[in-house]
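[1] I'd like to go over a predicted model; first the sequence, then the structure.
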Amino acid sequence: MSDTATYDSYRDGLEVYFDRTAVDAWAKLTSDAPVSRIREKVRAGRDAMRALLLDWLPADLSGKRILDAGCGTGALAVEAARRGATVIAVDVSASLIDIARERAPKDLGSGSVDFRTGDMLGREFGSFDHVVAMDSLIHYPVAEIEAAVTELASRTVESIVFTVAPRTPLLLAARLVGQLFPRADRSPAIIPAGTAGLIRDLTHAPGWKPGRDARVSRAFYVSHALELVHA
């Protein structure tokens with residue numbers, strides 16, 4: 001990566017946030033427990049985005065190796081495993097991985113999930129047929145997103161699907177307001193990215209071309225999905 005120290009600093013901030021500050025809130029958000037109206041919208045948006053990304057993967061994943069990069073509490077990983085995939089599900093937060101392991105059903109048919117705490121870019125996890133990164137890159141600057149996806153592409157055979165925070169007036173305003181508060185009092189910043197430029201830069205890599213793209217917007221949840229496929 002061009003600037004490992006920058007990537008590491010963002011990643012370490014996410015680890016602290018999810019392990020020390022927000023684990024209970026995220027455990028509740030990603031369950032079916034009652035939440036506030038705002039969080040209901042966020043939950044609905046995340047559910048819609050997860051369904052979209054899963055729809056972009058083959059219906060039959062038997063024999064395929066999948067990386068769920070930034071798996072959180074594991075919902076997407078479990079659904080991919082139910083299609084027959086061998087899933088390596090990685091998250092920087094040990095607390096979220098503990099929840100994912102507790103929630104994972106015992107019977108996944110021919111598929112499986114191996115939940116790991118660590119860096120989603122870790123080369124120790126090997127190579128994959130497909131990589132999914134849902135809302136795990138939204139806290140990084142564009143240069144770091146490009147470097148991360150390029151690194152994952154070097155070990156991916158078929159496709160990479162990932163999400164970014166699009167440059168919308170709502171997200172730009174929310175980021176500006178967030179800068180008025182002390183860092184300790186707010187979650188890690190969501191950094192908007194220009195999707196067209198991002199795809200243009202990423203598809204300069206030999207062997208890759210842009211696939212589908214789609215946006216999910218549910219009030220306070222706005223996320224844009226992008227797909228890279230082998231040419």
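    In hand now; what should we look at?
[2] and residue 204, how many neighbours?
    If you count neighbours by other Cβ atoms under 10 Å, residue 204 ends up with 9. From N, CA and C alone the C-beta is placed, and that goes for glycine too.
[3] Repeat that for residue 159.
    21.
[4] and residue 114, how many neighbours?
    The number of residues near residue 114, taken as other Cβ under 10 Å, comes to 12.
[5] Give me the three-state assignment for residue 188.
    With DSSP: H, G, I helix; E, B strand; the rest coil as the basis, residue 188 sits in coil.
[6] so it touches residue 14, yeah?
    Yes: Residue 188 lies in contact with residue 14 (Cβ atoms under 8 Å); the separation is 5.7 Å.
[7] overlap in contacts of these two?
    Shared contacts of residue 188 and residue 14 (Cβ atoms under 8 Å, 6 or more residues apart in numbering): residue 139.
[8] who's in contact with residue 127?
    65, 155, 156, 157.
[9] Relative to residue 20, how far out is the residue nearest the centre of the chain?
    Nearest to the mean C-alpha position of the chain, by Cα atoms, centre = their mean, lies residue 134 at 2.5 Å. Counting by Cβ to Cβ, to the nearest Å, the separation of residue 134 from residue 20 is 23 Å.
[10] just residue 140 next, same as before
    For residue 140, the distance to residue 20 - Cβ to Cβ - is 20 Å.
[11] out of those two, which sits in the busier spot?
    The neighbour comparison of residue 140 against residue 20 (other Cβ under 10 Å) goes to residue 140, with 24 against 10.
[12] Please list all residues in contact with that one.
    With Cβ under 8 Å, 6+ apart, residue 140 has these contacts: 7, 10, 148, 191.
[13] ok, now residue 64?
    Taking Cβ under 8 Å, 6+ apart, we find residue 64 in contact with 58, 84, 85, 86, 129, 130.
[14] between those residues, which is closest to residue 107?
    Of all those, residue 84 has the smallest distance to residue 107: 13.1 Å, by Cβ to Cβ.
[15] What is the neighbour count of the nearest residue to that closest one once chain neighbours are set aside?
    Closest residue to residue 84 apart from its sequence neighbours, by Cβ to Cβ, 6 or more residues apart in numbering: residue 62 at 3.4 Å. Using other Cβ under 10 Å, the number of residues around residue 62 comes to 12.
[16] pretty sure residue 62 is in a helix, no?
    No: with three-state DSSP as the criterion, residue 62 is assigned coil and is not in a helix.
[17] Verify the stated contact: it with residue 81.
    No: the criterion here is Cβ under 8 Å, and residue 62 misses it with residue 81 at 10.9 Å.
[18] any shared contact partners between these two?
    residue 111.
[19] and residue 54, how far is that from residue 79?
    Residue 54 is 6 Å from residue 79, by Cβ to Cβ.
[20] Kindly report the same for residue 149.
    Residue 149 is 22 Å from residue 79, by Cβ to Cβ.
[21] now residue 120
    18 Å.
[22] Looking at those two now, which is surrounded by more residues?
    Using other Cβ under 10 Å, the more surrounded residue of residue 120 and residue 79 is residue 120, with 24 against 21.
[23] for the residue lying closest to that one once chain neighbours are set aside, which residues make a bridge with it?
    Nearest-residue entry for residue 120: residue 69, 3.8 Å, with adjacent residues in sequence omitted and distances by Cβ to Cβ, 6+ apart. For residue 69, the beta-bridge partners are residue 90 (DSSP bridges).
[24] OK, contacts around residue 69?
    90, 120, 121, 131, 132, 133, 136, 152, 162.
[25] Where do the helices of the chain begin and end?
    Under the criterion DSSP state H, helices of the chain are mapped to 4-16, 23-29, 37-56, 75-82, 94-103, 142-153, 169-178, 195-202.
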